[in-house]
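Asker: Give me coordinates for this.
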Amino acid sequence: MIHEQRSIDDTIAFLNELLAIDEPAISALVKTRAPCGTGLADHASVQVGFQPGTTKSDGLWEVGLLGVLNGLFGTIEGGKLDGWGPLCADVEPYCTHCAADADRLEAGGWKPGNEVCPLCNDEGSPVFLQWKITGFRRTEG
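Answerer: Take a look at the predicted model:
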């Protein structure tokens, strides 16, 4: 059956359903970014970002699945989230090296904004954290 009309809440429920079925696959899909050109970057509602290590003046853009879905639904108008899309993903850190989850990382001294595992950092070279998607919801500020 074709569903001609889907709401933002329908889309959030669908993404959360898929996440419950196969978190690694959906996390990898949503975290994947593809290079894109200025045409897509200039689109009125598609959400794009700079490629790592670049700035707006470099003109090297990237887009992901949430950026495209947000483009479908449009952008928030006014307030501190002006221009943002209505969909977002909640994430939590984990370490692939020591298998620490968010609770263990926080107990070990991790603070938001730090991308290095505090439990593995004593071993010489920094081990960078990965991000697990824990759910999808409406963007709110």
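
Asker: Sketch out the helices for the protein, chain order is fine.
Answerer: Assigned by DSSP state H, the chain shows helices spanning 8-21, 23-31, 38-41, 65-73, 102-107.

Asker: And for the chain, the residue most distant from the center?
Answerer: What lies farthest from the middle of the chain is M1; by Cα atoms, centre = their mean that is 29.9 Å.

Asker: check contacts around that residue.
Answerer: By Cβ atoms under 8 Å, 6 or more residues apart in numbering, the contact set of M1 is empty. Any C-beta I mention is one placed from the backbone N, CA and C, and that applies to glycine too.

Asker: roughly how far apart are it and S45?
Answerer: Going from M1 to S45 by Cβ to Cβ, to the nearest Å gives 27 Å.

Asker: And N114, by the same measure?
Answerer: 32 Å.

Asker: Just the pLDDT for E115.
Answerer: We have a pLDDT of 84 for E115.

Asker: Can you report how many residues lie near it?
Answerer: Applying other Cβ atoms under 10 Å, we find 12 residues neighbouring E115.
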